[in-house]
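>>> what shape does this take:
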Amino acid sequence: MEKKRILEDGLLELYLTGELPIELMSDVEKALKEDKDLKAQFDALEADFERMGMEQAIIPPNEVKENLINSLEQTDKRKINWLPLSIAAGLALIFAFSTFLMYSRWQDAENYLNNLQSQTAELQRRVENLESDYQLTSTRLESINNVNVVPLVLYGNHKAPNAKAVAYVNHKSKVVIINPRGLPALPTNRTYQMWSDVDGEMINMGILSTDQELITLKYIENAESLNITIEPAGGNDHPTVEELVSYVTL
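Next up, the predicted model:
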């Protein structure tokens, strides 16, 4: 008989408590003789049984002890029948082991349920995030595919010749969405920022993050052009003109 089957089916416990079917006893005894590690586990289990039996033992009242001594003193011919005591001790041991085994299995089941609930909550959170991202993307796609949207391409100048960004402007709904993925990556202490030119005054529209595909910016009335500059991380309250990398006229 394989060691794995003996351990997984709890045959050692059944053998120890006398509940193992007769047809399996010889196989288990043979395995115990041949496998030292299995024998060591059985010895440890037997020791645990004995310890649990001792822990479950109840200290009798003093009156019981005194009555027993008096009874022994009255006659030395009288013999104690150990059979009922042995049966009671065996039943107590079996009960203690069954209780321990049931508690252990209950703990395992509870831990498994807790892990399952945690995994379910994490999956639910991910689904909610995906749904939220989908709704946001869907809304933005509808915005840029609107018939009132004017797409504008902002090409890079000599400071960023390979730069490219696409702005989608809807003057009717007053929405500006830009795709900055074509802009070169910047150091962590620098960022792109977009400005509207209104009568020669540059008005901040927002910061552009190149790791986002579509960004909604502030719509500025009467803007004559859209301009992209490189600014310190966090943005600037006024444009750094010498860091202008792209613009487009409206």
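>>> what's the pLDDT at Ile228?
Per-residue confidence for Ile228 comes out at a pLDDT of 97.
>>> and for it, the neighbour number?
If you count neighbours by other C-beta atoms under 10 Å, Ile228 ends up with 28. Placement of C-beta: from N, CA and C, glycine included.
>>> so it, which of the three states?
strand (DSSP: H, G, I helix; E, B strand; the rest coil).
>>> mind listing what the nearest residue to it once chain neighbours are set aside touches?
With C-beta to C-beta, 6 or more residues apart in numbering as the measure, Ser246 is the residue that lies nearest to Ile228, at 4.4 Å, once sequence neighbours are left out. Ser246 makes contact with 154-157, 160, 163, 165, 183, 227-228 under the criterion C-beta atoms under 8 Å, 6 or more residues apart in numbering.
>>> which among those gets closest to Asp35?
Using C-beta to C-beta, Leu183 comes nearest to Asp35 of the contacts of Ser246, at 68.6 Å.
>>> tell me the SS of the closest one?
coil.
>>> next, count neighbours for it.
Counted with other C-beta under 10 Å, Leu183 comes out at 23.
>>> in this structure it contacts Asn162, no?
No - the pair Leu183 / Asn162 is not scored as a contact, 9.2 Å apart, by C-beta atoms under 8 Å.
>>> what do the two both touch?
Gly156.
>>> quick one, helices of this protein?
Taking DSSP state H as the test, the helices found in the chain are 3-8, 11-17, 22-34, 36-56, 62-74, 82-144.
>>> for those helices, which has the smallest mean pLDDT value?
When I compare the helices of the chain, helix 62-74 is least confident, with a mean of 62.
>>> for the residue nearest to Ile228, give its distance to Thr216.
19 Å (C-beta to C-beta, to the nearest Å).
>>> same thing with Leu45?
67 Å.
>>> in stretch 24-31, what counts as buried?
28, 31 (16 or more other C-beta atoms under 10 Å).
>>> residue numbering should commence at 24 henceforth.
Sure, I'll start numbering at 24, so the last one becomes stretch 47-54.
>>> CA atoms of it as PDB?
Output in PDB follows, covering the C-alpha atoms of stretch 47-54 (Å, rounded to 0.1, in the frame of the first residue of the first chain):
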ATOM      1  CA  LEU A  47      -6.500  -3.300   5.400                       C
ATOM      2  CA  MET A  48      -4.800  -4.000   8.700                       C
ATOM      3  CA  SER A  49      -2.100  -6.300   7.300                       C
ATOM      4  CA  ASP A  50      -1.300  -3.800   4.600                       C
ATOM      5  CA  VAL A  51      -0.900  -0.900   7.100                       C
ATOM      6  CA  GLU A  52       1.100  -3.100   9.500                       C
ATOM      7  CA  LYS A  53       3.400  -4.100   6.700                       C
ATOM      8  CA  ALA A  54       3.900  -0.500   5.600                       C
END
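>>> and the end-to-end length of stretch 249-265?
16 Å (C-alpha to C-alpha, to the nearest Å).
>>> contact partners of that stretch?
Taking C-beta under 8 Å, 6+ apart as the rule, stretch 249-265 contacts 175, 177, 182, 186, 188, 190, 192, 206, 209, 211-220, 225, 227-228, 230-231, 266-271, 273.
>>> now, which of these lie within strands?
Secondary structure from DSSP state E places 175, 177, 188, 190, 192, 213-220, 225, 227-228, 230-231, 267-271 of the contacts of stretch 249-265 in strands.
>>> contacts only, for Leu124.
Neighbours of Leu124 in contact, by C-beta under 8 Å, 6+ apart: 33, 36.
>>> gap between it and Leu30?
14 Å.
>>> partner residues bridging Ser248?
Taking DSSP bridges, one obtains Asp220, Thr272 as the residues bridged to Ser248.
>>> tell me the domain ranges of this structure?
Listed by automatic domain parsing, the domain ranges of the chain are 26-93, 116-168, 172-272.
>>> in CSV, list those domains along with distance to Ile110.
Formatted as CSV, the domains of the chain follow (distance: least, C-beta to C-beta, whole Å):
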stretch, distance to Ile110
domain 26-93, 12
domain 116-168, 11
domain 172-272, 76
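>>> I'm done for today, thanks for sticking with me.
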